[in-house]
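A.B. asks: this one's structure only:
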């Protein structure tokens, strides 16, 4: 599902216009991005947690030449799914 399909699904699910759904999706992604930029996490009970994880500096290797590279330390966004989401994906509760 791409962003436009997601917006259409949100509009259908909430019985709102595509423009309203597009604004809601844009607001959601902006709030998540802004919160993670601050180094904070967002916990949506039952769905999951968006958080920032730190990666240490490390040595990598160019697969083409075999040359060693230094990879700088970085912060990456991560998502940890909640129990309800895991159960839904695995079909728990369906007969």
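C.D. replies: Everything's here; your move. Quick caveat, the model's predicted, so the values are computed rather than measured. Numbers count the residues shown, from 1 in each chain.

A.B. asks: For stretch 15-25, buried residues please.
C.D. replies: 21-22, 25 (16 or more other CB atoms under 10 Å). Just so you know, the C-beta spots here come from the backbone N, C-alpha and C atoms, and that holds for glycine as well.

A.B. asks: Okay, and which of those map to helices?
C.D. replies: Those of the buried residues of stretch 15-25 mapping onto helices are 21-22, 25, per DSSP state H.

A.B. asks: ok, which stretches of this protein are strands?
C.D. replies: For the chain, strands defined by DSSP state E occupy the ranges 42-44, 48-55, 58-61, 68-71, 74-81.

A.B. asks: Residue ranges in the chain under the pLDDT threshold?
C.D. replies: Residues of the chain that meet the criterion pLDDT under 70 lie in 93-95.

A.B. asks: that older thread, using JSON lines, please lay out the strands of the chain together with distance to residue 36 and mean neighbour count.
C.D. replies: Below are the strands of the chain laid out as JSON lines (distance: least, CB to CB, whole Å; neighbours: other CB atoms under 10 Å):
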{"stretch": "strand 42-44", "distance to residue 36": "8", "mean neighbour count": "13"}
{"stretch": "strand 48-55", "distance to residue 36": "5", "mean neighbour count": "14"}
{"stretch": "strand 58-61", "distance to residue 36": "22", "mean neighbour count": "10"}
{"stretch": "strand 68-71", "distance to residue 36": "21", "mean neighbour count": "10"}
{"stretch": "strand 74-81", "distance to residue 36": "5", "mean neighbour count": "12"}
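
A.B. asks: could I get those as JSON lines with distance to residue 10?
C.D. replies: What follows is the strands of the chain, written out as JSON lines (distance: least, CB to CB, whole Å):
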{"stretch": "strand 42-44", "distance to residue 10": "16"}
{"stretch": "strand 48-55", "distance to residue 10": "18"}
{"stretch": "strand 58-61", "distance to residue 10": "39"}
{"stretch": "strand 68-71", "distance to residue 10": "37"}
{"stretch": "strand 74-81", "distance to residue 10": "19"}
